[in-house]
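**Student:** sequence and predicted model, in that order:
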Amino acid sequence: MTTAQFLQNLLNGISIGSVYAIFALGYTLVFSILGIINFAHGAVFTLGAYLTYAMAVGQFGINGLLSGLSIPVQLPFPVALLLGCILSGLVSVLIERLAFRPLRNRGGDALLALVSSLGVALVTVNAIQYFVGSEIYSFPPEIYGDIKPAITFSIGESVVVIRTVQVIIFGVCMAVLVSLGFLIARTRFGKALRAVAENPATASLLGISVNRFILYTFFLSGFLGGLAGSLVGTSFGVAGPYFGVTYGLQGIAVIVLGGLGSIPGSVLGGIIIGLIEAFVPPDYSAYKEAVSFALLFLILMVRPQGLLGQSQIQKV
Amino acid sequence: MALLALENVSVNYGGIQAVRGVNLEVNTGEVVTLIGANGAGKSTTLRAISRLLKLREGAIRFDGREITGTAPDAVVTLGIAHCPEGRQVLARQSVEDNLELGAYVRRDFAAIRDDIGKMYDLFPRLGERRNQSAGTLSGGEQQMLAIARALMSRPRLLLLDEPSLGLAPLIVLEIFSIIRNLNEQGTTILLVEQNARLAMQNSHRTYVIEAGQITFTGPSRELLEDERVMRAYLGD
Ligand SMILES: Nc1ncnc2c1ncn2[C@@H]1O[C@H](COP(=O)(O)OP(=O)(O)OP(=O)(O)O)[C@@H](O)[C@H]1O
Ligand SMILES: [Mg+2]
């Protein structure tokens, strides 16, 4: 591997890794409050990408109920992205109200919640397919306005390409990570959220509405999921209703690697999985998920609680 | 007028009846003690008042309004603070954040800062450890933090579940002097205690609960002289 190739892989890895980080945080937030992995999160990721696409581009293809539809009013990309994330957050809130809370109120087992979140994921993905078909939708480069699509520079013989999209993605992810970190670590809201995560009964004795904070958590989670989906969509295209499935699995790999329930762990895990993927040689890129899961397995043999997770004894 | 009134309250855990037909009143300005053997239903009664447990039957009124169906967080807003049994501090957050969260229902942020300072005056050990995570405090320090945190909401009614548990004798006396002070400043208190004598000496009235039912009630001074209560709960 030449220096240029190394640098190229590093940049690609950090860019996609930052998306994995914010996506994985969506799982982590819900896990730290409810102790469950929300399988519907991958579907929210997909839905978010379609929502942003609909508002920013709005040209639908030849399959599905909406085939040939072209939405007349297009929003500037940043606005479409923000709205896409907010709508994804609201969908996630709806999922909590319909799929999680009723089971919780009946004292349902965590396994039931898992099954119902899988059900929600399937229904969402099928609904997307029904409406807009299974083709790939790409964001045209014009959505970013009048900027160069890429910067290139050469080291010796070879060339490093930094796509503008990658820079934008990285910047957005970092801004979101820093704001979220501040929100959770420093604000009254964040302290109350962590109180609910640690001990819901105690939190409610302090006047904190546990159910309301669960809703806030799902909103944040869905917002992050929709953001990740939209960003991946702008970079690689919205690759059909099932495109969230592999990302969903990668996201789960990230949170297990980082340590379930650990926020810094999700960020670290995201960057690591992104880098692993980027360094898988192009000829083997179809196997990059397998590679990251194999590595995950090896790391878990040594550190079953994940890189930054608490030991299981404390958690259970 | 009674600030708090329990009318014929029963609470079950699954099939087990832990509290049966309890009638209990706490008047504005009073300190009322609830004593009883282990498992008699004292903590259950307090959890029913703060709405952590559903009633099987009966009603609870606070300040003249029925709170039987109110959510636990809303009860705090109305002015009830519950310092639960066994120092339920938020172990992963700092001492200061625990206190700040104790004032979660308040919006007067400047006054909250002042009150945190007052808690540090009251419990200097907490002040020295303000940035430490609460889980690293000693048992006694956690108990102080739990009490201080309950005070942070500036409750009209304070429910204290065994505040002296695990504290050194001198600190126990200090806790009781804090209870007296709070009461003089207008806080109404319902106190559950193992240390029955001390609790009764520092309260206006006492209820005795046995197997989920109230068996004696009266002014603490009189019950302190009652032979049956003395034999059963005062160890002489
Ligand atoms: N979560 C629970 N599930 C089932 N039974 C319970 C539960 N909590 C308490 N109980 C039972 O209810 C009864 C009353 O318990 P409670 O905790 O109110 O007693 P207590 O008077 O506070 O005792 P102590 O002085 O030991 O704290 C006991 O028989 C206890 O075993
Ligand atoms: Mg008890």
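**Tutor:** Received it, and whenever you're ready, just let me know what you need. Ligands and ions are numbered 1, 2, ... in the order given.
**Student:** quick one: buried residues of whichever strand or helix holds B:Leu182?
**Tutor:** Taking DSSP states H and E as the definition, B:Leu182 sits inside helix B:169-184. Neighbour-count burial for helix B:169-184, counted by 16 or more other CB atoms under 10 Å in any protein chain shown, picks out B:171-172, B:174-176, B:178-179, B:182-183. (Glycine included, C-beta is placed from N, CA and C.)
**Student:** let me have those in CSV, extended by distance to chain A and pLDDT.
**Tutor:** What follows is the buried residues of helix B:169-184, written out as CSV (distance: CB to the nearest CB, whole Å; pLDDT from 0 to 100):
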residue, distance to chain A, pLDDT
B:Ile171, 22, 87
B:Val172, 23, 92
B:Glu174, 24, 88
B:Ile175, 19, 90
B:Phe176, 23, 94
B:Ile178, 20, 91
B:Ile179, 19, 93
B:Leu182, 18, 92
B:Asn183, 21, 95
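**Student:** which of those lies closest to B:Pro72?
**Tutor:** For these, the closest approach to B:Pro72 (CB to CB) belongs to B:Leu182, at 22.1 Å.
**Student:** you'd agree that closest one is up against B:Arg156?
**Tutor:** No - at 11.2 Å, B:Leu182 and B:Arg156 do not qualify as touching, with contact defined as CB atoms under 8 Å.
**Student:** quick one, what contacts the residue nearest the centre of chain B?
**Tutor:** Nearest to the geometric centre of chain B sits B:Leu160, at 1.5 Å (CA atoms, centre = their mean). Going by CB atoms under 8 Å, 6 or more residues apart in numbering or on different chains, B:Leu160 touches B:83, B:147, B:150, B:179, B:189-192.
**Student:** ok so, going back, need the contact partners of the helix holding B:Leu182.
**Tutor:** Against helix B:169-184 from outside (CB under 8 Å, 6+ apart): B:29-31, B:122, B:140, B:144, B:147, B:151, B:158, B:160, B:163-164, B:167, B:189, B:191, B:195, B:198, B:202.
**Student:** what are the C-alpha coordinates of it, in PDB please?
**Tutor:** Only the C-alpha atoms of helix B:169-184 are listed here, as PDB (Å, rounded to 0.1, in the frame of the first residue of the first chain):
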ATOM      1  CA  PRO B 169     -24.700   7.800  66.500                       C
ATOM      2  CA  LEU B 170     -23.500  11.400  66.500                       C
ATOM      3  CA  ILE B 171     -24.700  11.900  62.900                       C
ATOM      4  CA  VAL B 172     -28.000  10.300  63.800                       C
ATOM      5  CA  LEU B 173     -28.500  13.000  66.400                       C
ATOM      6  CA  GLU B 174     -27.500  15.600  63.800                       C
ATOM      7  CA  ILE B 175     -30.100  14.200  61.400                       C
ATOM      8  CA  PHE B 176     -32.800  14.600  64.100                       C
ATOM      9  CA  SER B 177     -31.800  18.100  64.800                       C
ATOM     10  CA  ILE B 178     -32.000  18.800  61.100                       C
ATOM     11  CA  ILE B 179     -35.500  17.300  61.100                       C
ATOM     12  CA  ARG B 180     -36.500  19.500  64.000                       C
ATOM     13  CA  ASN B 181     -35.100  22.600  62.200                       C
ATOM     14  CA  LEU B 182     -36.800  21.800  59.000                       C
ATOM     15  CA  ASN B 183     -40.100  21.300  60.800                       C
ATOM     16  CA  GLU B 184     -39.700  24.700  62.600                       C
END
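**Student:** B:Gln143 - nearest residue in space that isn't next to it in sequence?
**Tutor:** Nearest non-adjacent residue to B:Gln143, counting by CB to CB, 6 or more residues apart in numbering or on different chains: B:Arg87, 4.9 Å away.
**Student:** against B:Arg149, how distant is the one you found?
**Tutor:** As for B:Arg87, its distance to B:Arg149 is 10 Å (criterion: CB to CB, to the nearest Å).
**Student:** the more surrounded of these two?
**Tutor:** B:Arg149 (29 against 23; other CB atoms under 10 Å in any protein chain shown).
**Student:** which SS state does that one fall under?
**Tutor:** helix (DSSP: H, G, I helix; E, B strand; the rest coil).
**Student:** touching, A:Glu277 and A:Gly13? I think so.
**Tutor:** Yes - using CB under 8 Å, A:Glu277 is in contact with A:Gly13, at 6.7 Å.
**Student:** B:Arg47 falls within a helix, correct?
**Tutor:** Yes - using three-state DSSP, the secondary structure at B:Arg47 is a helix.
**Student:** residues touching it, list them.
**Tutor:** By CB under 8 Å, 6+ apart, B:Arg47 lies in contact with B:11, B:53, B:82, B:84.
**Student:** of the residues you listed - the most surrounded one?
**Tutor:** Highest count within the contacts of B:Arg47 by other CB under 10 Å belongs to B:His82, 28 neighbours.
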